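K.L.:
got a predicted structure plus its sequence, pasted below:
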Amino acid sequence: MATTAEDLAREDKLQGLGCSRKRKEDPRFIQGKGTYVDDVKLPGMLFADMVRSPYAHARIKSINKDKALALPGVHAVLTAADLKPLNLHWMPTLAGDVQAVLADEKVHLQYQEVAVVIADDRYIAADAVELVEVEYEPLPVLVDPHKALDDDAPILREDIKDKDNAGQGPRKHPNHIFSWEVGEQEATSRAFDEAEVVVKEEIYYPRVHPSPLETCGCVASFDKVKGSLMVYITSQAPHIVRTVVSMLSGLPESKVRIISPDIGGGFGNKVGIYPGYVTAIVASIVLGRPVKWVEDRMEHLSTTAWARDYYMTGELAADKNGRIKGLRVNVLADHGAFNSHAQPTKWPAGFFSICTGSYDIPVAYVKVDGVYTNKAPGGVAYRCSFRVTEAVYVIERMMDVLAQKLGIDRMELRMRNFVKPEQFPYHTALGWELDSGDYHTALTKVLKAVDYEGLIKEQAEKRSKGELMGIGVTTFTEVVGAGPSRNCDILGVGMFDSAEIRVHPTGSVIARMGTISQGQGHQTTYAQIIASELGIPSDEIQIEEGDTDTAPYGLGTYGSRSTPVGGAATAMAARKIHDKARKIAAHLLEASENDLEWDIDRFKVKGVPGAEKTMKEIAWAAYNRPPEGLEPGLEAVNYYDPPNFTYPFGAYLCVVDIDKYTGEVKVRRFYALDDCGTRINPMIIEGQIHGGLNEGFAVAMGQELPFDAEGNILGNTFMDYFIPTTMETPHWETDYTVTPSPHHPLGAKGVAESPHVGSIPCFTSAVVNAFAHKGVTHMNMPHTSFRVWQKIHELSLDKRE
Amino acid sequence: MAKHNISFKLNGQQVNALVESRELLVHVIREQCGQTGTHIGCETSHCGVCTVDLNGESVKSCTVLAVQADGSEVMTVEGLAQNGVLHAVQEAFMQEHGLQCGFCTPGMLIRAYRFLQENPNPTEEEIRWGLSGNLCRCTGYQNIIKAVKVAAEKMQSV
Amino acid sequence: MQVNIDKSFPIASSAAAGWAFLQNIPGVAGCMPGAEITETIDDKNYKGKVKTKIGPATMAFNGDIVIKGINADKRELRLIGTGQDTKGTSTAEMDLTAWIVDADGGGCELKGKATVTVNGKAASLGGRMMTQVADQILNQFGQNFINNVITLGGDAEAAEAAKEQLAEQPKELNGLAFAWSVIVGFFKSLFGKKPGDTA
Amino acid sequence: MIPGKFEYHIPTTVDEVVALLGEYGDEAKILAGGHSLLPMMKLRFAEPAHLIDISRIGEIKGIHEQGGTVRIGAMTTENELIASELLQQKCPLIPAVARLIADPQVRNRGTIGGDIAHGDPGNDHPAAMMALDATFVLRGPNGEREVPANGFFLGTYWTDLQQGEIMTEIRVPPFTSGTGYGFNKLKRKTGDFATAASTVVLKLNGNTCADIRITLTNVGPTAFRADEAENILRGQVISEALIEQAAQQVMAVCEPAKDLRGDEEYKTHMAAEMTRRSIRDALARAKG
């Protein structure tokens, strides 16, 4: 703890933990000097473009490439038949299924990749795509997942129709993917049978798309002489991509270099491996030239990973006082044509079982069934950990429903059921160990800040005048930071993460991590962690990520895992250096290690003024005259396997006014209190929260990927797909409490996804609450003017005198 | 189809390019002129990441033909800093944390630059209206709006 | 993307003349603006093409026409036309049932029921326009049909006028040339009461 | 999204445009602001062999008053409409409409003539033009003709503009005293077409509605005028009850297409609601 002015100045200079340091990334971005995949230009580079299916389900009768190949500037047209000899026409998914790289005899979704054209430039490639002639025989289309398991449902996956297991355990129908159960079914049934009050609600969480502003793409460059492959790629997990590419191609992993350069937003969309990447790599290997593939927005919205699409039936059992006795959730999950769900291997429904939320629920049971439909494969975690958004949505909705049934204030019901501070670590009925939390304090703070009583009064007045005002609330708990390798792996690789730190002789630092920033500002925040640990100013610490040739192996950035896992690895690696530095300092100061104390940026001999060595001096010594028996140099690597997940939480409140004649919902106020444990950079945290809230707003109020009965995706451009502009976006108010994680080296929990996960049910809560006095308990998203008006009209609230 | 020899000023430098009629201005700026700060996001003129300044007006360069820029003056994000000194909007975006992944930033900056010429002393509502052609997925806009306000104040005080 | 359209067109001609023309498949196909039969495989199967122009947009479809049934008693024809656009990005199918009835007060009436299904890019992006455009196309089809029937019989002056109109028909579907024929129906629907509207 | 190939022409006079249109027939398309046409070309729904860029024809730009009418060159951009003092004074409806079209960048390119001539039922100027009783000047091989806005819009993407013709000017009678307008557009977000929009121009004589025009956007195959609704209000002292009657009449004549913005029922109700609001706004403005 700094006490004197001199101490404070030294601490300020570090720009370490807890400081709102300006971002290191910004100078390049504000000058147009970022390097995104489409900015990469290699000598002799060719372009790939896709021939895609107009049908959602059809047999391919023939493909004729002649006209396309005859177009000057076209180098190749590849189909599944061309990939088959290489065994690359199908590829494994993260969920144990396989996915067609190029349609093999059949197309399973509209816009599916049927052939890839390689040409001199993107203009010629686009012309050639139109010249590839494909003859289709349309097949019956399966759009509604509720009909997937019917006896007469069209069978989608002929490739696995005889298999009783699609990679996630036994299945009961050719269109069935898995059944996943967790919790105690019988005990839960008993709790419901004995309960004084039971509530049940059908809740649909629509299919949405993360849609970062940069679409997906890659530049693959195979060097025939060296036999090595380099791929620039829009990936949130470059190291896993390297492993997969090596497994698929047969190239040694050491000959594969994956580079995730600057990434224009990910939000989960850039976790998966897409056919475009694979075909560009194959084309580069075949043609011996660099090949670029960058999809357009329609391709992006239509075929790359979407999220959600969960049909949830939530049930709560409680006593008359509102104490919850049991939770039961049944889910029908639409995974599309291939199960390319992003998940740690053993979790077919991700972390959906976190759905007991912030509440002390004695017993619970969850069942999720996944099915195939003729839609794009998925789904991914859109700015959340695997399926946590759905889980939080169902429990927060059910809390409101229960409160309404019992006539208890929603805030009061939550207070009565919160896990209490003294119960942590708390073991949930579905197997999680919540690390820390103080939910009562968080909610109390929010209610005071917004004058909840005043809002309730105002709402009553408005209702008496026939006006529609809604107050929404959520008190969520997330699970992030996957995860302990005993229960989390991706394709068999444990979900640890890593950091490698080198202190140079002159005391500056280069550090590399296995994660990859997509806007989170890792170059800024990781440096702050190291700065505080080592006493070296952040500005002298260079952070690099994303190049698999230089960075240590890591599982990447998604599921808010960078701070909980990568940040922990960084702190632990820095501590190894710190320990060695202490030895060197002791040697230099001719003192015992035990007599040294650490003071901001230097070791001091206790009680001997002036006997001190700064980290800079120690760094020089490490290379110049290390103590005998100690290796020269000052660097360390840490692979951090977290003992537990982290559990950030928050309390959000939203106030909406609804125009009863148009259905327009105006968000008047949104107050978000987040507790992400120790705060590394408050400025960046606040920025992440603003962004997450805005993405939550987009999901709740407008985003959806609808399909017509023939399986055509509708609205796959930004004309229809809702990305709020400045005009629609509300003003955000933020607040925080700090409840450190007991097991994370810094006490930090991760934050970027909380505002998305937490805000979505809050918007729904507010919209539904506007109609609660009319007996409405739930309304499905998105809460567009149209849909809200339908409710108004149904209730005749738009009647004129 | 005949190709066109076009010539225009890009960030103050005269550039020449041989283009097809159909080539989009954004492709020529990025690929022929090598100035990759201007990005491509939606291709239907909704997202604004391809915004450039064309003869003193903000336009979406994914929906302008390169031949249409013949004889014009084009400014992109690369032209904002003068003699190594950042423009006030660039400074303000950095100061107020008005960017995260950076992909929308060049379009946002070049639009903010022009908007502040059009309206040097805007209110928050006016800033929201003036930037409504530029999407951002990361920031929730709040810090962008703050940054534009800060830049306006700074430019006014000079 | 599917739209269902019901249409009826009064024809100042006998039902027999109407029915005679309805069985002339290449002739009927030719009533579809911009459409033609390119190959007759047998009396039930044809190959054809349609070039549709909707404002600045143009789509060319190649496809098959299959006669699903001809019912002389009901004077009814059912056909299914399927096509894929020449770029391979969209497909269209029309399941059409058309029949001729005697009209009250002389003449006859062509009645039609069509289900138009569009897949691919046109379905993803064209939803906003589908119904209106399909409606416009069928109105032009109806007017051409009427003119063809009238040229077959009826009075000489009317036949001449109808011939002239047919001669003006553009080679592809284009709204402009047949503006007058559709305007009538269009403005009627716009400013009159909607059918079944009792309010 | 890459457009197909075409030949590019950049004439500097309207006569040259007419000559080019004559030469290339329906193989040619006029490129105005390009924000409807170029996306359609990039999606390859439109593939004209010849593109005639009219952005460098000075004679069809600008706004001035002549002979008692406000004349707007067809190539005047939306932002120029918004910025026009003359329009603000003589015909403030036009800038009010322009303000709600697209976004700032698109408004720098998009033109009033392009918006009108495209024939898209979702475009906003057609209804305004009908409400203003504007006249369009079209130039073709046979010279110039003037056509009233009412009657110009025939169907979806279908207007009275004949092949070979170009729209050069829009002529609008200036507002006289006692005239008020209302324009209400419900949209999902910035840059979207209207879910439904209503434009009203009315003239008061004392408290009596001397004349009124009510037009609607995106609730039929084209913009259209709700003349029976007008009849309910014309010659009357407008009351809430009469507004309600007019709104009900508007509902009777809407024929919207269902899409992601809403179904027929919603759009019909919204057309009525926008009309109520526009009548009220117009009335308030007419009263000054």
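P.N.:
Right, received. Where do you want to start?

K.L.:
alpha carbons only for contacts and neighbour counts from here, please
P.N.:
Noted.

K.L.:
and residue A:597, bridged to which residues?
P.N.:
residue A:604 (DSSP bridges).

K.L.:
show me the contacts for it.
P.N.:
A:603-606 (Cα atoms under 8 Å, 6 or more residues apart in numbering or on different chains).

K.L.:
now the strands: where do they sit in chain C?
P.N.:
For chain C, strands defined by DSSP state E occupy the ranges C:2-11, C:35-40, C:45-54, C:57-71, C:76-85, C:90-102, C:108-120.

K.L.:
before we move on, the earlier item: just the contacts of residue A:597 now: which is nearest chain B?
P.N.:
Nearest to chain B, judged by Cα to the nearest Cα, of the contacts of residue A:597 is residue A:603 at 34.1 Å.

K.L.:
tell me how far the closest one lies from residue A:502.
P.N.:
Residue A:603 is 19 Å from residue A:502, where distance means Cα to Cα, to the nearest Å.

K.L.:
quick one, which of the two is more surrounded?
P.N.:
Shown here are residue A:603 and residue A:502; by other Cα atoms under 10 Å in any protein chain shown, residue A:603 has more neighbours (24 against 21).

K.L.:
for that one, what are its contacts?
P.N.:
Residue A:603 neighbours (Cα under 8 Å, 6+ apart): A:582, A:585, A:596-597, A:612-615.

K.L.:
rewinding a little: okay, the strands of chain C in CSV with mean pLDDT and mean neighbour count next?
P.N.:
Output for these, formatted as CSV (pLDDT from 0 to 100; neighbours: other Cα atoms under 10 Å in any protein chain shown):
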stretch, mean pLDDT, mean neighbour count
strand C:2-11, 89, 17
strand C:35-40, 89, 17
strand C:45-54, 87, 21
strand C:57-71, 90, 18
strand C:76-85, 91, 21
strand C:90-102, 91, 21
strand C:108-120, 91, 21
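
K.L.:
can you list those strands in CSV and add distance to chain D?
P.N.:
Formatted as CSV, these follow (distance: least, Cα to the nearest Cα, whole Å):
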stretch, distance to chain D
strand C:2-11, 11
strand C:35-40, 18
strand C:45-54, 6
strand C:57-71, 4
strand C:76-85, 11
strand C:90-102, 10
strand C:108-120, 12
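
K.L.:
so which of those strands gets nearest residue D:192?
P.N.:
Nearest to residue D:192 among the strands of chain C is strand C:57-71; the distance by Cα to Cα comes to 20.2 Å.

K.L.:
now for the closest one, which elements pack on it?
P.N.:
Under the contact criterion of 3 or more Cα pairs under 8 Å, 6 or more residues apart in numbering or on different chains; DSSP states H and E, strand C:57-71 touches strand C:45-54, strand C:76-85.

K.L.:
that strand pairs with which strands?
P.N.:
Counting by DSSP bridges, strand C:57-71 is paired with strand C:45-54 (antiparallel), strand C:76-85 (antiparallel).

K.L.:
residue numbers of the stretch 251-400 of chain A in contact with chain D?
P.N.:
Counting by Cα under 8 Å from any Cα of the partner chain, the residues of the stretch 251-400 of chain A lying close to chain D are residue A:296.

K.L.:
where do the strands of chain D begin and end?
P.N.:
Ranges of strands within chain D are D:7-9, D:28-31, D:50-53, D:63-66, D:69-73, D:135-140, D:143-148, D:153-155, D:158-159, D:166-172, D:179-186, D:196-205, D:208-217, D:224-225, based on DSSP E.

K.L.:
how about those strands, which one is nearest residue D:80?
P.N.:
So among the strands of chain D, strand D:63-66 is nearest, using Cα to Cα, at 8.7 Å.

K.L.:
per-residue pLDDT, residue B:149?
P.N.:
Predicted confidence (pLDDT) at residue B:149: the value is 98.

K.L.:
give the contact list for it.
P.N.:
By Cα under 8 Å, 6+ apart, the residues touching residue B:149 are B:121-124, B:127.

K.L.:
now swap in residue B:65 and tell me
P.N.:
Taking Cα under 8 Å, 6+ apart, one finds B:21-25 in contact with residue B:65.

K.L.:
next one: residue D:156
P.N.:
Counted by Cα under 8 Å, 6+ apart, residue D:156 has contacts C:54-55, C:129, C:132-133, D:119-121, D:221-222.

K.L.:
in contact with residue A:35, which residues?
P.N.:
A:261-262.

K.L.:
for chain C, see how far away it is.
P.N.:
32 Å (Cα to the nearest Cα, to the nearest Å).

K.L.:
residues in contact with residue A:517?
P.N.:
By Cα under 8 Å, 6+ apart, the neighbours of residue A:517 are A:236, A:262-263, A:545, A:557.

K.L.:
identify the farthest-apart pair in those.
P.N.:
Maximum pairwise distance in the contacts of residue A:517, criterion Cα to Cα, is 13.1 Å, between A:262 and A:557.

K.L.:
who has more neighbours, those two?
P.N.:
Counted by other Cα under 10 Å, residue A:262 and residue A:557 do not tie: residue A:557 has more neighbours, with 28 against 25.

K.L.:
pretty sure that one is in contact with residue A:238, am I right?
P.N.:
No: taking Cα atoms under 8 Å as the definition, residue A:557 is not a contact partner of residue A:238, at 9.5 Å.

K.L.:
now the helices and strands packed on strand C:57-71 in TSV, with distance to residue D:229?
P.N.:
Formatted as TSV, the helices and strands packed on strand C:57-71 follow (distance: least, Cα to Cα, whole Å):
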stretch	distance to residue D:229
strand C:45-54	31
strand C:76-85	42
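
K.L.:
nearest to residue A:14, of these?
P.N.:
That would be, of these and by Cα to Cα, strand C:76-85, which comes in at 64.2 Å.

K.L.:
contacts for the closest one, please.
P.N.:
Against strand C:76-85 from outside (Cα under 8 Å, 6+ apart): C:22-23, C:49, C:59-71, C:90-100.

K.L.:
what of stretch A:539-556?
P.N.:
A:14-15, A:236-240, A:242, A:257-261, A:495-500, A:508-517, A:522-524, A:526-527, A:530-531, A:562.

K.L.:
for the residue nearest to residue D:10 when sequence neighbours are not counted, give the beta-bridge partners.
P.N.:
Distances taken as Cα to Cα, 6 or more residues apart in numbering or on different chains put residue D:53 closest to residue D:10, at 5.0 Å, once the chain neighbours are dropped. Residue D:53 forms beta bridges with residue D:31, as assigned by DSSP bridges.

K.L.:
I'm done for today, thanks for sticking with me.
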